[in-house]
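Enquirer: below are the sequence and a predicted model for it; my questions follow.
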Amino acid sequence: LSKVVMTFMDITEHKRGEKLLRESADRLQTFIDSASSSIGIYDDNLDLVGINRTGLQWWPDTTREALIGKHITELVPDVKDSLLYDQLQQVIATGERFVDYQHIPSDQFGELVMEFEAFKMPDGLTIITTDITAKIRTERALRESEERFKAFMLTFPDNYVILDNKLNVLEMKLDSTSSMTQEDFRCRNMRDIVSYIGGFGKYEMYEKVLETGAMLSGEDVVTTESGKRHFAFKAFKAGECIGAISSDISERKRTEETIRQQLKEKEILLKEVHHRIKNNIASSGSMLRLQADSITSSESRNILHDAISRVESMRIIYDKLLHTDDYSEVPVRNYFDDLITAIVNIFPENNTVTLKKDIDDFFLTVKILFPLGAIVNELMTNSMKYGFINKDSGSIDIVLSKKEHIITLSVHDNGNGLPENFDVDT
């Protein structure tokens, strides 16, 4: 008889474990393939046992399967005669991590800078190769930019300070007003040094700039052994830092003070000149009045009255100029109120004439006011002299208005008017 013996074994867990192991290996390979650096896994003999997608780019015409199992000297023939090969052997023997940087010529990109990192694995080692060319170029450009910035700031004529977001000093250049050196201030908080360096305002300003981002400015005065020094400063936010620039404006302040003093002296002189002119005009008017009072001829008296009113017009302008700040503009209403009163007083016999004034309150330059005053003077003098002969009463209306850039003057009386045979053209 023949016997058949069959043995059954449940390998479900075994199969499940194999599946999990494959899935874990696939996930690991996917993770490795997603890395931007080249990753090569080697055994103890430096035979390739694994490589990611980025690493395959070094051998663009070869598949991963064709590369697996090859010795590193087959993959990179030049490595056998290089120091790198000995260093990889050292990693396998000692387990000590190794990092190196190499510059590799490239026809397409120029010189490439590669970082090689090798570390021990249980049954071999892993080499990670990273192209750090862009990083190195960026760092180099940043260093060159910082060097240019420092070189520029060293020649910058003004004092400056750069603070971090804690208001600690990062960089500074200053003409210190204390015995401390610039190095004594570095890395110290602005709160502790602002009173020593001088010319940079108060600490609270920097807190406000840090909080709001606004640019603030002001002036500061520092007392030194050689005297007072004036500084103009501004503080501003620059990214995560705070910058402040302080300029010595002592010379400008001295110049401004000299100019102010000279202007003050000239104002005093000009005021004295105007005062003397006003007094001279007033003296001329007084002499004309005395002369008019001593003359019996009505015609001569009228001529002197005309002269007195014109002199009075000039005297009032100079009187008003003495009460202005710039000696160039005069308040119109105030001027004409005094002028009209002065003209009326020249003719005391016409005390029954009523005046009606409607004058806007604005300023005019002396250049415009002189001829305008002369016109009002002539019109009112004629009204007072000829308008109310044989009349018991009368009125004169004076209107002066300004709308935008247009000035309108109207002088009107209810007197006798012009003769019937009067011709304007003759």
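Expert: That came in fine, so what should we check first?
Enquirer: for residue 330, which three-state class applies?
Expert: Here residue 330 is recorded as strand under DSSP: H, G, I helix; E, B strand; the rest coil.
Enquirer: just to check, it is in contact with residue 366?
Expert: Yes - using CB atoms under 8 Å, residue 330 is in contact with residue 366, at 6.4 Å. Quick note: C-beta positions are derived from backbone N, CA and C, even for glycine.
Enquirer: of these two, which one has the most company?
Expert: Neighbours per residue (other CB atoms under 10 Å) separate residue 330 from residue 366, with residue 330 holding more: 23 against 16.
Enquirer: show the contacting residues for residue 381.
Expert: Going by CB atoms under 8 Å, 6 or more residues apart in numbering, residue 381 touches 305, 306, 309, 343, 346.
Enquirer: please save the CA atoms from the helix or strand containing it in PDB.
Expert: Assessed by DSSP states H and E, residue 381 sits inside helix 366-382. Presented in PDB, the C-alpha positions along helix 366-382 are these (Å, rounded to 0.1, in the frame of the first residue of the first chain):
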ATOM      1  CA  VAL A 366       1.800 148.700   0.000                       C
ATOM      2  CA  LYS A 367       2.400 148.700  -3.700                       C
ATOM      3  CA  ILE A 368      -1.400 148.300  -4.300                       C
ATOM      4  CA  LEU A 369      -2.500 150.300  -1.300                       C
ATOM      5  CA  PHE A 370      -0.700 153.500  -2.100                       C
ATOM      6  CA  PRO A 371      -2.500 154.200  -5.400                       C
ATOM      7  CA  LEU A 372      -5.800 152.900  -4.000                       C
ATOM      8  CA  GLY A 373      -5.500 155.300  -1.000                       C
ATOM      9  CA  ALA A 374      -4.700 158.100  -3.400                       C
ATOM     10  CA  ILE A 375      -7.900 157.400  -5.400                       C
ATOM     11  CA  VAL A 376     -10.100 157.400  -2.300                       C
ATOM     12  CA  ASN A 377      -8.300 160.500  -1.100                       C
ATOM     13  CA  GLU A 378      -9.000 162.500  -4.300                       C
ATOM     14  CA  LEU A 379     -12.600 161.300  -4.500                       C
ATOM     15  CA  MET A 380     -13.400 162.200  -0.900                       C
ATOM     16  CA  THR A 381     -11.600 165.500  -1.000                       C
ATOM     17  CA  ASN A 382     -13.600 166.500  -4.000                       C
END
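Enquirer: just checking, next helix/strand downstream of it?
Expert: Following helix 366-382 in sequence, per DSSP H and E, is strand 394-403.
Enquirer: for that next one, list every residue counted as buried.
Expert: Neighbour-count burial for strand 394-403, counted by 16 or more other CB atoms under 10 Å, picks out 394, 395, 396, 398, 400.
Enquirer: ok, the residues you listed vs residue 197, which is closest?
Expert: Ranked by distance to residue 197 (CB to CB), the buried residues of strand 394-403 are led by residue 400 at 60.9 Å.
Enquirer: most neighbours, which of the contacts of residue 381?
Expert: Using other CB under 10 Å as the neighbour test, the contacts of residue 381 are led by residue 309, with 26 neighbours.
Enquirer: and the longest helix seen in the chain, what does it pack onto?
Expert: Secondary structure of the chain per DSSP state H: the longest helix is helix 250-293. With contacts defined as 3 or more CB pairs under 8 Å, 6 or more residues apart in numbering; DSSP states H and E, helix 250-293 has these neighbours: strand 227-238, helix 298-321.
Enquirer: for the ones you listed, which has the smallest mean pLDDT value?
Expert: The minimum mean pLDDT among the helices and strands packed on helix 250-293 belongs to helix 298-321 (a mean of 72).
Enquirer: what lies in contact with that one?
Expert: Contacts for helix 298-321 (CB under 8 Å, 6+ apart): 274, 277-278, 281-282, 284-285, 288-289, 291-292, 295, 327, 330-331, 334-335, 338-339, 342-343, 346-347, 366, 369-370, 373-374, 377, 380-381, 385.
Enquirer: make it 7 Å
Expert: Under the contact criterion CB atoms under 7 Å, 6 or more residues apart in numbering, helix 298-321 has outside partners 274, 277-278, 281-282, 284-285, 288-289, 291-292, 295, 327, 330, 334-335, 338-339, 342-343, 346, 366, 369-370, 373-374, 377, 381, 385.
Enquirer: need the buried ones from the residues you listed selected in PyMOL.
Expert: The PyMOL command for the buried members of the contacts of helix 298-321 (criterion: 16+ other CB under 10 Å) is given here:
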select buried, resi 274+277+278+281+282+284+285+288+289+292+327+330+335+338+339+342+343+346+366+369+373+377+381+385
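Enquirer: circling back: using JSON lines, lay out the helices and strands packed on helix 250-293 together with distance to residue 212.
Expert: Below are the helices and strands packed on helix 250-293 laid out as JSON lines (distance: least, CB to CB, whole Å):
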{"stretch": "strand 227-238", "distance to residue 212": "8"}
{"stretch": "helix 298-321", "distance to residue 212": "48"}
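Enquirer: these: which one's closest to residue 120?
Expert: Among the helices and strands packed on helix 250-293, strand 227-238 sits nearest to residue 120 (CB to CB), with 47.0 Å.
Enquirer: mind giving me the packing neighbours of the closest one?
Expert: On a contact count with 3 or more CB pairs under 7 Å, 6 or more residues apart in numbering; DSSP states H and E, strand 227-238 meets helix 203-212, strand 216-224, strand 241-248, helix 250-293.
Enquirer: ok now the shortest one, how far from the chain's centre?
Expert: Relative to its parent chain, strand 241-248 has a centroid offset of 12 Å by CA atoms, centre = their mean, to the nearest Å.
Enquirer: just the CA coordinates of that strand, formatted as PDB?
Expert: The C-alpha coordinates for strand 241-248 follow below in PDB (Å, rounded to 0.1, in the frame of the first residue of the first chain):
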ATOM      1  CA  CYS A 241      15.400  95.800  12.900                       C
ATOM      2  CA  ILE A 242      15.300  99.400  14.000                       C
ATOM      3  CA  GLY A 243      17.600 101.900  12.400                       C
ATOM      4  CA  ALA A 244      18.400 105.400  13.600                       C
ATOM      5  CA  ILE A 245      20.400 108.200  11.900                       C
ATOM      6  CA  SER A 246      21.700 111.200  13.800                       C
ATOM      7  CA  SER A 247      23.200 114.200  12.000                       C
ATOM      8  CA  ASP A 248      25.300 116.900  13.700                       C
END
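Enquirer: could you list the paired strands of that strand along with their orientation?
Expert: Using DSSP bridges, the strands paired with strand 241-248 are strand 159-163 (antiparallel), strand 227-238 (antiparallel).
Enquirer: what is the mean pLDDT for that strand?
Expert: Across strand 241-248, the average pLDDT comes to 89.
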